[in-house]
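**Q** Need a 3D model of the following:
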Amino acid sequence: MSSDEPRSARRDRPITIETLTPAAAAATFDHALLRPELDLPGVDAGCELAARYLAVAVCCRPADVARCARTLAGTGVLVTTVIGFPHGSHRTDTKVFEAGRALDDGAVELDMVINIAHLRSGEDAYVEQDIAAVVETATAAGATVKAILENAYLSDEEKVRACRLAESAGAAYVKTSTGYAPTAATLEDVRLMRATVSPAVKVKAAGGVRAVEDLIAFLDAGCDRIGTSSTAALIDDLVARRAALGLTG
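**A** Just a heads-up that it's a prediction; the model follows:
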């Protein structure tokens, strides 16, 4: 299962412990290094862990992008950072400036929080241009934007509108949450988001994926990326469970 192929375009087959290899699982992981109390040795250790477990990316704080880019150089692990995090209420020009600095520092993916208040107020044009401005900056540098909806604060109707606005603005992904709201990703939200956007747009779940059963359920519901700080625990458990079934690789 390739993380580069939209879930809806993959062969229709159930995802199980038997069919999900550790390498395929890790290739969906954005290893999260976002906790405010995480010290710099912890950032370095997180990068080394992501490289060891073959995660597709680390998702780090903006101030740590250059450090992570240096640490991960040559490993194949992508550097992702957050824009307008965690509330989405920054001015658009501030988000654009933040995006530009992150790209200069070595980020190749930007997880941007949409303007939640404007969405809930019906200011759809503002929300779309806010996302589009960051997408334009990212696209010029060959980078990818993931639009974070923060579903904990949205009705289903608002989630659908946000997905459609993000796709119209050129975002490559829609993402469930920051991990810092009252609730994190849910299967119901992932299914709704997957059903709303076209196959060209991917879905990322963030927060709450801590067990192999969760991982399989979210991938099967339509996720292409999983934001998690539990990379080692998830992969180690998956390896152990597959070994108990006589499976390797």
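
**Q** any weak-confidence spans in this protein?
**A** Judged by pLDDT under 70, the chain has its weakly predicted residues at 1-12.

**Q** Strands of that one, residue ranges please.
**A** Using DSSP state E, the strands found in the chain span residues 29-33, 57-60, 78-83, 109-113, 144-148, 173-175, 202-206, 225-228.

**Q** Mean neighbour count, the ones you listed: which tops it?
**A** Stretch with highest mean neighbour count among those: strand 57-60 (a mean of 30; mean count of other CB atoms under 10 Å). Yep, even glycine has a C-beta here, placed from its N, CA and C like the rest.

**Q** who does that strand pair up with?
**A** According to DSSP bridges, strand 57-60 has the following sheet partners: strand 29-33 (parallel), strand 78-83 (parallel).

**Q** Reformat those into JSON lines and put distance to residue 185 next to each item.
**A** Listed next are the strands paired with strand 57-60 as JSON lines, based on distance: least, CB to CB, whole Å:
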{"stretch": "strand 29-33", "distance to residue 185": "12"}
{"stretch": "strand 78-83", "distance to residue 185": "16"}
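
**Q** and residue 236, which of these is closest to it?
**A** When the strands paired with strand 57-60 are compared for distance to residue 236 using CB to CB, the nearest one is strand 29-33, at 12.9 Å.

**Q** ok now the closest one, how far from the chain's centre?
**A** Centroid displacement of strand 29-33 relative to its chain, using CA atoms, centre = their mean, to the nearest Å, is 8 Å.

**Q** Check stretch 55-64 too.
**A** Here the centre of stretch 55-64 is set off from its chain's centre by 10 Å, with CA atoms, centre = their mean.

**Q** who's in contact with it?
**A** Outside stretch 55-64, the residues that touch it by CB atoms under 8 Å, 6 or more residues apart in numbering are 3, 26-34, 36, 38, 40, 43, 46-47, 49-50, 68, 72, 77-83, 85, 98, 101-102, 109, 111, 225, 227, 231.

**Q** and with 7 Å instead?
**A** For stretch 55-64, the surrounding residues in contact (CB atoms under 7 Å, 6 or more residues apart in numbering) are 3, 26-34, 43, 46-47, 50, 68, 72, 77-82, 98, 102, 109, 111, 227, 231.

**Q** for stretch 138-146, same thing?
**A** Contact partners of stretch 138-146, identified using CB under 7 Å, 6+ apart, comprise 99, 103, 107-112, 134-135, 171-173, 175, 204.

**Q** what do you get for stretch 98-115?
**A** Residues contacting stretch 98-115 (CB under 7 Å, 6+ apart): 57, 59, 62, 65-66, 69, 78-89, 95, 126-127, 130-131, 134, 137-138, 141, 143-150, 162, 166, 175, 178.

**Q** Output that stretch as CSV, nothing but the C-alphas.
**A** Output of stretch 98-115 as CSV, limited to C-alpha atoms (Å, rounded to 0.1, in the frame of the first residue of the first chain):
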residue,chain,number,x,y,z
GLU,A,98,5.5,31.7,8.2
ALA,A,99,5.2,29.4,5.2
GLY,A,100,8.0,31.1,3.4
ARG,A,101,10.4,31.0,6.3
ALA,A,102,9.6,27.3,6.9
LEU,A,103,10.2,26.5,3.2
ASP,A,104,13.5,28.4,3.3
ASP,A,105,14.5,26.3,6.4
GLY,A,106,13.9,23.1,4.6
ALA,A,107,10.2,22.1,5.1
VAL,A,108,8.6,20.4,2.1
GLU,A,109,5.2,20.0,3.6
LEU,A,110,3.0,22.5,5.4
ASP,A,111,0.2,21.5,7.7
MET,A,112,-1.9,24.7,7.8
VAL,A,113,-4.8,25.4,10.2
ILE,A,114,-7.7,27.0,8.4
ASN,A,115,-9.4,30.1,9.8
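
**Q** Nothing else from me, thank you.
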